[in-house]
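Chemist: model this:
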Amino acid sequence: MTYGVYTAGTAGDEVSSTYEGRHLTFSESQLVHPYIADGFVNKGDPVLVGENIVGVAFRDAAAATDLIAIDTEGIWQLSVKATDQNGNSAVVVGDELFIEKVPGTNTSILSKNYNKAAMVRFGYALYPIAEGVTDVIPVKVHFDPDDQYEQVGVSAAFEAMGALLSNAREYRYRSTKVSGDIRGQYMALALNGAGGFRRSTPGTHHRRSSRCPDRSWRTPRAGV
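Modeler: The predicted structure is shown next:
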């Protein structure tokens, strides 16, 4: 059984030494690419293979069984939408760009949308675009798989972890320091604007956590 041109083999055998393995080859049917009327990838299209492999197609395909080589690095002129997960957003040089997992009928599938449920890291913008505009700009393509435990939601919704993932991210530290300030992880949020005020409404009860003798934290039940 093969996947593209790849198959199981003998340990230690070299598969490819071309440009440190940046050129990969897959069947057209294994590529996610922008919408095209005939359904087949075109030369220069941004593509996604599997969960994390990204690149640019080297040639057109005429059938689902065609083998298509892709470049997983390099700088390519590609169509980019100046949008993110919240709507229109200008692209500036250095912005990280993402490719859609399920393009549907979209002909431009690169944007700043970092919603990991729908997008995969693709590369970096090397030219600016005004917000809401779709333009062809140079993009530094970079095959850089995401951390599977880094679950990122959007401003209006939590990221669903799914049944198989029990820890989105976990931190454990050990210190032998016997005095002074010890911080395993520290975060501060300064609320300087009007939106930072917490306003109570009739019938609202606030709770305060307290430290227990066993050094755990306890939050009392609020009255009703």
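Chemist: mind checking the SS state of Gly44?
Modeler: Here Gly44 is recorded as coil under DSSP: H, G, I helix; E, B strand; the rest coil.
Chemist: let the chain start at 735 from now.
Modeler: New numbering, starting at 735: the last item is Gly778.
Chemist: how many neighbours does it have?
Modeler: By other CB atoms under 10 Å, the residues close to Gly778 number 15. Every residue, glycine included, has its C-beta placed from N, CA and C.
Chemist: show me what contacts it?
Modeler: Gly778 is in contact with 790-791, 810-812, counting by CB atoms under 8 Å, 6 or more residues apart in numbering.
Chemist: please apply the same query to Glu834.
Modeler: Neighbours of Glu834 in contact, by CB under 8 Å, 6+ apart: 766, 782, 840, 843, 845, 847, 852-853.
Chemist: ok, Val867 next?
Modeler: Neighbours of Val867 in contact, by CB under 8 Å, 6+ apart: 815-816.
Chemist: thinking Asp794 is in contact with Ile770, fair?
Modeler: No. Contact criterion CB atoms under 8 Å: Asp794 and Ile770 do not qualify, at 9.5 Å.
Chemist: who touches both of those two?
Modeler: Common neighbours of Asp794 and Ile770 (CB under 8 Å, 6+ apart) are Asn776.
Chemist: for this protein, give me the ranges with low pLDDT.
Modeler: 881-905, 928-958 (pLDDT under 70).
Chemist: now do the strands in it.
Modeler: Taking DSSP state E to define them, one finds strands in the chain at 757-761, 765-766, 780-783, 787-791, 801-805, 809-815, 817-818, 821-822, 830-834, 844-845, 853-859, 868-875, 944-945, 951-952.
Chemist: out of the contacts of Gly778, which end up buried?
Modeler: 790-791, 810, 812 (16 or more other CB atoms under 10 Å).
Chemist: want to throw those into a markdown table with distance to Leu860?
Modeler: Output for these, formatted as a markdown table (distance: CB to CB, whole Å):
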| residue | distance to Leu860 |
| --- | --- |
| Val790 | 14 |
| Ala791 | 20 |
| Trp810 | 10 |
| Leu812 | 10 |
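Chemist: and the furthest pair within those?
Modeler: Across these, the longest distance by CB to CB is 11.2 Å; it joins Ala791 and Leu812.
Chemist: could I get the strands of the chain in a markdown table, plus columns for distance to Ala745?
Modeler: Below are the strands of the chain laid out as a markdown table (distance: least, CB to CB, whole Å):
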| stretch | distance to Ala745 |
| --- | --- |
| strand 757-761 | 20 |
| strand 765-766 | 29 |
| strand 780-783 | 24 |
| strand 787-791 | 22 |
| strand 801-805 | 25 |
| strand 809-815 | 35 |
| strand 817-818 | 44 |
| strand 821-822 | 50 |
| strand 830-834 | 33 |
| strand 844-845 | 37 |
| strand 853-859 | 30 |
| strand 868-875 | 30 |
| strand 944-945 | 55 |
| strand 951-952 | 51 |
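Chemist: many thanks, we can stop here.
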